[in-house]
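J.: model this:
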Amino acid sequence: MIRLLTLAPLLLAAGCVTSNDMRSRAPELDATSARSAKDIAGCLGTEWAGKTMMPVTSVPAGDGYAFSSSSNGNVNILVDVIDEGEQRRVKVYFIKAIVSLIPEGDHLKLIRGCL
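T.: Down below sits the predicted model:
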């Protein structure tokens, strides 16, 4: 309950943030992988989604997948996995104030582990 009370002001301060808003910013991580988009998505679904206190959704997006964690209509973390033929590009966007509240340590480490 205390975490939720701590989280509420941060969400209000962040304003309404959509996936398109996140993508208009420079990503916090822009990496490539030889793994298939399906393998990366499966790993993210297992590893990352199980570590966050906010719900995580995954949807097919063009030639890949988009993972997001949202609360109160605001996107807090967005991971795009884009199939570019020989490799997959993974772009990660987040609101830093929200990310610091995710338990289990560094979410970027979890995402990098899926590459």
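J.: shouldn't Tyr65 be in contact with Ala37?
T.: Yes - contact status for Tyr65 versus Ala37: in contact at 6.1 Å, counting by C-beta atoms under 8 Å. In short, each C-beta sits where N, CA and C put it, glycine included.
J.: Identify the contacts common to those two.
T.: The overlap between the contact sets of Tyr65 and Ala37 (C-beta atoms under 8 Å, 6 or more residues apart in numbering) consists of Val81.
J.: Those two: which has the busier surroundings?
T.: Residue environment comparison for Tyr65 versus Ala37 gives the larger neighbour count to Tyr65, 23 against 20, counting by other C-beta atoms under 10 Å.
J.: per-residue confidence at the more buried one?
T.: According to the per-residue confidence, Tyr65 scores 88 in pLDDT.
J.: Show me what it is bridged to.
T.: Bridge pairing for Tyr65 (DSSP bridges) gives the partners Pro60, Val81.
J.: pLDDT weak spots in this protein?
T.: In the predicted model, the chain carries pLDDT under 70 at residues 1-15, 48-54, 96-106.
J.: can you map out the strands along it?
T.: 29-33, 56-61, 64-71, 74-83, 88-94 (DSSP state E).
J.: Adding distance to Arg23, write those out as CSV.
T.: What follows is these, written out as CSV (distance: least, C-beta to C-beta, whole Å):
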stretch, distance to Arg23
strand 29-33, 12
strand 56-61, 11
strand 64-71, 9
strand 74-83, 7
strand 88-94, 7
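J.: Of all these, which one is nearest Cys16?
T.: The closest of the strands of the chain to Cys16 is strand 74-83. By C-beta to C-beta, the value is 5.9 Å.
J.: CA atoms only: put the closest one into PDB for me.
T.: Coordinates of the C-alpha atoms in strand 74-83 are reproduced here as PDB (Å, rounded to 0.1, in the frame of the first residue of the first chain):
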ATOM      1  CA  ASN A  74       0.100   6.400 -18.800                       C
ATOM      2  CA  VAL A  75       2.800   4.300 -20.400                       C
ATOM      3  CA  ASN A  76       5.700   3.900 -18.000                       C
ATOM      4  CA  ILE A  77       7.900   1.500 -19.900                       C
ATOM      5  CA  LEU A  78       7.800   0.600 -23.600                       C
ATOM      6  CA  VAL A  79       9.900  -2.000 -25.300                       C
ATOM      7  CA  ASP A  80       9.800  -2.300 -29.100                       C
ATOM      8  CA  VAL A  81      11.200  -5.500 -30.700                       C
ATOM      9  CA  ILE A  82      11.500  -4.900 -34.500                       C
ATOM     10  CA  ASP A  83      12.400  -7.600 -37.000                       C
END
